[in-house]
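Colleague: Give me a 3D structure for the following:
(one chain, ligands or ions: 1)
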Amino acid sequence: MDQHSESFENSANSIAPAAGKLGVMMPGMGAVATTFVAGVEAVRRGLAQPIGSVTQMGTIRLGKRTEGRSPKIKDFVPLADLDDLVFTGWDIFPDDMHTAACQAGVLDRELVEAIKPFLQSITPRPAVFDRTFVRKLDGPHVKAGKTKMDLAEQVREDIREFKTSSGATRLVMIWCGSTAIFQRPSAALQSIEAFEEGLQQNDPNISPSMIYAYAALSEGVPFANGAPNLTVDIPAMYALSRRNQAPICGKDFKSGQTLIKTVLAPGFKARMLGLSGWYSTNILGNRDGEVLDDPDSFKTKEESKLGVLEHILQPQMYPSLYGKINHKVRIDYYPPRGDNKEGWDNIDIFGWLGYPMQIKVNFLCRDSILAAPIVLDLVLFLDLAQRCDELRGIGIQEWLSFYFKSPMTAPGLCPEHDLFIQCMKLKNTLRYLKREALITHLGLEYYD
Ligand SMILES: NC(=O)c1ccc[n+]([C@@H]2O[C@H](COP(=O)([O-])OP(=O)(O)OC[C@H]3O[C@@H](n4cnc5c(N)ncnc54)[C@H](O)[C@@H]3O)[C@@H](O)[C@H]2O)c1
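Modeller: Residues are numbered from 1 along each chain as shown. Predicted structure coming up:
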């Protein structure tokens, strides 16, 4: 019996209740963050439904199919109630969330006006910002400090202040800021000691998102990363997360084109259909699109989007089916579209005896509408993890891969990209935490 099945057999339920308020802290209060916060408030007031949120709408089957037990996930595990969420954030622009939501132009004006005073009450704190990491942006609402450690201390002070002023019993931080330029992990990112030395010495490899993450984890606050930046995907943060029992997860919300890719590719592989090429292109006109117009920021996004197929299709195992794939991803900044991105996928597959076929996908999506429920679920699940004895101290929460384009894993492990395996991993983790039998879908027991 392995360690986990032993503890499964022996231990009682070990999740603390979700008592009191949960404070949600967002570096970056742009399109995704405002769509998320406005959406939570609209749902709380009965103006709309939380569509796309697995925690709010999803169910989980327990036991045998014949038992008829399928509670809602939020009734099965103790998640924070939407009424208990309180919000704050940071941005390089001083606009409150009402102004920012209007500027983002994602939600109908009617909805935004219906909750105007609430949105106006959420104003950003001055940001930690460095233009070398996001070249297309500049804003006045920023912190000043002699060293990066000074800036981290200021963010820690913000965290403590928010906890006191909001009365929150627990906090979660989620990066909703812009995508930074492409970075490889350098020496200063390899251990907590090297990182802290780097903060003191203003090491150029330490980015603003890492400073927020360091501040959060130092305060014992879990951190999720919605962008493809390294941020918490470095050894220093793995160690800090474990040491301070503050769970982490990332990277890059899996919202639109990649979501569809991780639905279709497992289907081809399950049927042993070959793939010779996948050309994905997008037009996008929001601020995210503008930031991604910088080739170095795009490179971070491109790496995140490209990894998916290789991991799902395993070309080394199936060279004749997937050994020669042309995989291209393009994003063009095209202002008229705003947040309503359009993605085209041309997929060249081949079947029996090598005969070629094509599939075209034209996805007219809404980026932030797809991302907002991901933010909500991550906030609620990370909070669950911090109240759970078995998850709190493990660092990376791989069971949340379901929500990410580049899921973080323990070093040396291959990430799981297949959406359906990710979904099973998530639900089995919840069953495991509640001491319910894991579901294997074997099903032979029905024919005994
Ligand atoms: N579907 C999606 O929308 C989606 C999917 C995957 C990933 N993402 C990522 O989520 C992030 C947010 O997307 P968005 O559409 O809301 O972008 P956005 O440009 O509307 O918002 C980002 C906000 O972050 C702020 N910002 C930048 N650097 C900051 C810093 N150092 N500190 C504080 N604030 C900072 C910007 O001023 C801006 O208001 C982006 O990195 C994007 O790539 C979005």
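Colleague: separation between the residue in the chain positioned nearest to the ligand and residue 227?
Modeller: Proximity of the chain to the ligand (CB to the nearest ligand atom) peaks at residue 30, 1.9 Å away. Yep, even glycine has a C-beta here, placed from its N, CA and C like the rest. Separation of residue 30 from residue 227 (CB to CB, to the nearest Å): 11 Å.
Colleague: what residues do these two have in common as contacts?
Modeller: Counting by CB atoms under 8 Å, 6 or more residues apart in numbering, the shared contacts of residue 30 and residue 227 are 177-178.
Colleague: can you count the residues close to the residue of the chain closest to the ligand?
Modeller: Residues near residue 30, counting by other CB atoms under 10 Å, number 26.
Colleague: again with residue 279
Modeller: 14.
Colleague: Make 56 the first number, not 1, from now on.
Modeller: Happy to do that; since the first residue is 56 now, the last one works out to residue 334.
Colleague: right, and the helix or strand after the helix or strand that it is a member of?
Modeller: According to DSSP states H and E, residue 334 maps onto strand 329-339. On the C-terminal side of strand 329-339, the nearest following helix or strand under DSSP H and E is helix 342-346.
Colleague: export that following helix as PDB, just CAs?
Modeller: C-alpha atoms of helix 342-346 as PDB (Å, rounded to 0.1, in the frame of the first residue of the first chain):
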ATOM      1  CA  ARG A 342      -4.900  45.600 -23.900                       C
ATOM      2  CA  ASP A 343      -3.700  42.100 -23.500                       C
ATOM      3  CA  GLY A 344      -3.500  42.000 -27.300                       C
ATOM      4  CA  GLU A 345      -1.500  45.200 -27.300                       C
ATOM      5  CA  VAL A 346       1.000  43.800 -24.800                       C
END
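Colleague: I'd like to know which elements it is packed against.
Modeller: Applying 3 or more CB pairs under 8 Å, 6 or more residues apart in numbering; DSSP states H and E, we find helix 342-346 packed against strand 381-388.
Colleague: the domain parsing of the chain - what is it?
Modeller: 58-308+423-488, 312-419 (automatic domain parsing).
Colleague: Residue 176: neighbour count?
Modeller: Residue 176, neighbours per other CB under 10 Å, totals 11.
Colleague: Close to the ligand: what parts of the stretch 56-205 of the chain are there?
Modeller: 82-88, 145-148, 159, 182-184, 189, 192, 194 (CB under 6 Å from any ligand atom).
Colleague: what about residue 162, how many neighbours?
Modeller: Neighbours of residue 162 (other CB under 10 Å): 23.
Colleague: In three-state terms, label it for me.
Modeller: coil (DSSP: H, G, I helix; E, B strand; the rest coil).
Colleague: hang on, it packs against residue 91?
Modeller: No: counting by CB atoms under 8 Å, residue 162 stays clear of residue 91, with 10.8 Å between them.
Colleague: what's the overlap in contacts for the two?
Modeller: Contacts common to residue 162 and residue 91, judged by CB under 8 Å, 6+ apart, are absent.
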